[in-house]
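Engineer: no sequence for this one, just the structure:
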């Protein structure tokens with residue numbers, strides 16, 4: 001009886017991992033294409049036709065091909081690549097959060113929704129905590145022998 005349940009659990013986990021990977025590839029590629037479109041002044045929307053936003057779609061296609069190519073490299077250390085991507089993400093997160101907090105403190109932009117002192121205290125506490133945790137994560141990912 002137990003063997004039958006394990007078979008289904010493994011199948012559901014495999015489906016979940018496949019879906020997460022597919023969704024991640026689509027979201028990251030789209031976000032990158034949108035960001036490059038924003039920076040370079042290109043039309044950057046899936047609502048635009050290919051003729052209206054050619055560079056957006058070209059960049060989107062190239063990033064999808066690049067992600068697929070990395071996965072197809074024989075013997076590529078996919079777990080290590082994933083860890084490095086996560087280290088980069090958590091390293092950049094505090095900077096993005098600080099800019100968001102600065103936007104939330106701009107009275108001209110936010111009006112009555114500007115952060116209070118209490119909200120700023122908790123916001124910066126969270127940023128400091130994320131910096132500490134992301135530094136520990138980066139060290140543990142880059143130097144796993146230190147944490148054995």
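Structural biologist: All right, it came through fine. Everything numeric in this text was worked out from a predicted model, so none of it was measured.

Engineer: hey, where'd the helices end up in the chain?
Structural biologist: Counting by DSSP state H, the chain has these helices, from start to end: 2-40, 54-72, 78-104, 107-110, 117-142.

Engineer: which one of those helices is the most hemmed in?
Structural biologist: Compared across the helices of the chain, helix 54-72 shows the largest average neighbour count, a mean of 15 (mean count of other C-beta atoms under 10 Å). Where you see a C-beta, it was placed from the backbone N, CA and C, and this is true even at glycine.

Engineer: Mind giving me the packing neighbours of that one?
Structural biologist: Contact here means 3 or more C-beta pairs under 8 Å, 6 or more residues apart in numbering; DSSP states H and E; on that basis helix 54-72 packs against helix 2-40.

Engineer: helices and strands around the helix it packs on, which ones?
Structural biologist: In terms of contact count using 3+ C-beta pairs under 8 Å, 6+ apart, helix 2-40 is assigned the packing partners helix 54-72.

Engineer: still on that earlier bit, which stretch among the helices of the chain comes nearest residue 47?
Structural biologist: helix 54-72 (10.7 Å; C-beta to C-beta).

Engineer: I'd like the average pLDDT over the closest one.
Structural biologist: Helix 54-72 comes out with an average pLDDT of 89.
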